[in-house]
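>>> Let's see this in three dimensions:
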Amino acid sequence: MKKIFLVLFLISFSMSNAQELIWHTDMNKASELSIKEKKPMLLFFTGSDWCGWCIRLQKEVLKTSEFGKWAKENVILVELDFPRRTAQDATIKAQNSQLQSIFQVRGYPTVWFVTPKKSDEGKMNLNGLGSTGYVAGGPEKWLAVADGIVSKKK
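Reported below is the predicted structural model:
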């Protein structure tokens with residue numbers, strides 16, 4: 001009986017850890033949070049309902065406990081989705097298209113790391129630290145690349 005309880009506890013704990021990650025879709029809110037917490041933003045350009053490599057990156061890296069722990073400590077997560085079959089709010093769609101153009105995203109998945117800075121006029125500027133995409137080898141390999149990019153902020 002104790003073993004069953006322990007297994008159920010561990011399963012629920014690992015599921016709650018994965019569920020705690022917050023992926024923002026509103027760049028204004030994410031930028032404010034990034035400035036407040038002094039963390040760069042991870043911008044995940046994805047085609048969530050059609051891009052095979054995006055789905056693979058999610059499964060192999062972004063939905064792992066290793067990534068979850070790293071993300072909570074290091075970045076503010078922002079999903080910039082370009083779905084084909086899923087309806088999307090017009091404001092979010094326009095925002096995502098504008099950012100796709102600014103960062104010259106030509107393929108998916110693309111992950112940009114940026115730091116926001118508010119100008120004296122109140123305009124938000126994004127400083128690109130670097131980008132990556134799918135990296136084979138699981139969360140360890142992907143996080144090594146991400147750490148190399150995020151360390152430029154420090």
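>>> contacts and neighbour counts: CA atoms only from here.
Fine.
>>> What helix or strand is Val135 located in?
Using DSSP states H and E, Val135 is not contained in any helix or strand.
>>> Excluding chain neighbours, give the residue nearest to it in space.
Spatial nearest neighbour of Val135, chain neighbours left out: Trp142 (5.4 Å); criterion: C-alpha to C-alpha, 6 or more residues apart in numbering.
>>> Next up, the contacts around that neighbour.
By C-alpha atoms under 8 Å, 6 or more residues apart in numbering, the contact set of Trp142 is Val61, Tyr134, Val135, Ala136.
>>> Can you give me the neighbour number for Ala94?
Residues near Ala94, counting by other C-alpha atoms under 10 Å, number 12.
>>> I'd like the next helix or strand past the helix or strand in which it is found.
Under the criterion of DSSP H and E, Ala94 resides in helix 90-102. Helices and strands here follow DSSP H and E; after helix 90-102, the next one along the chain is strand 110-118.
>>> Give me the mean pLDDT for the helix or strand containing the residue nearest to Val135.
For Trp142, the element it lies in under DSSP H and E is helix 138-150. Confidence for helix 138-150, expressed as mean pLDDT, is 97.
>>> again, but for stretch 63-81
Averaged over stretch 63-81, pLDDT sits at 97.
>>> By neighbour count, which bits of that stretch are buried? Give me those.
Thr64, Phe67, Gly68, Ala71, Asn74, Val75, Ile76, Leu77, Val78, Glu79, Leu80, Asp81 (16 or more other C-alpha atoms under 10 Å).
>>> Now, those residues that are in strands?
Cross-referencing those against strands under DSSP state E gives Ile76, Leu77, Val78, Glu79, Leu80, Asp81.
>>> Could you dump the residues you listed into JSON lines with distance to Tyr108 added?
Compiled in JSON lines, these are given as follows (distance: C-alpha to C-alpha, whole Å):
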{"residue": "Ile76", "distance to Tyr108": "20"}
{"residue": "Leu77", "distance to Tyr108": "17"}
{"residue": "Val78", "distance to Tyr108": "15"}
{"residue": "Glu79", "distance to Tyr108": "12"}
{"residue": "Leu80", "distance to Tyr108": "11"}
{"residue": "Asp81", "distance to Tyr108": "10"}
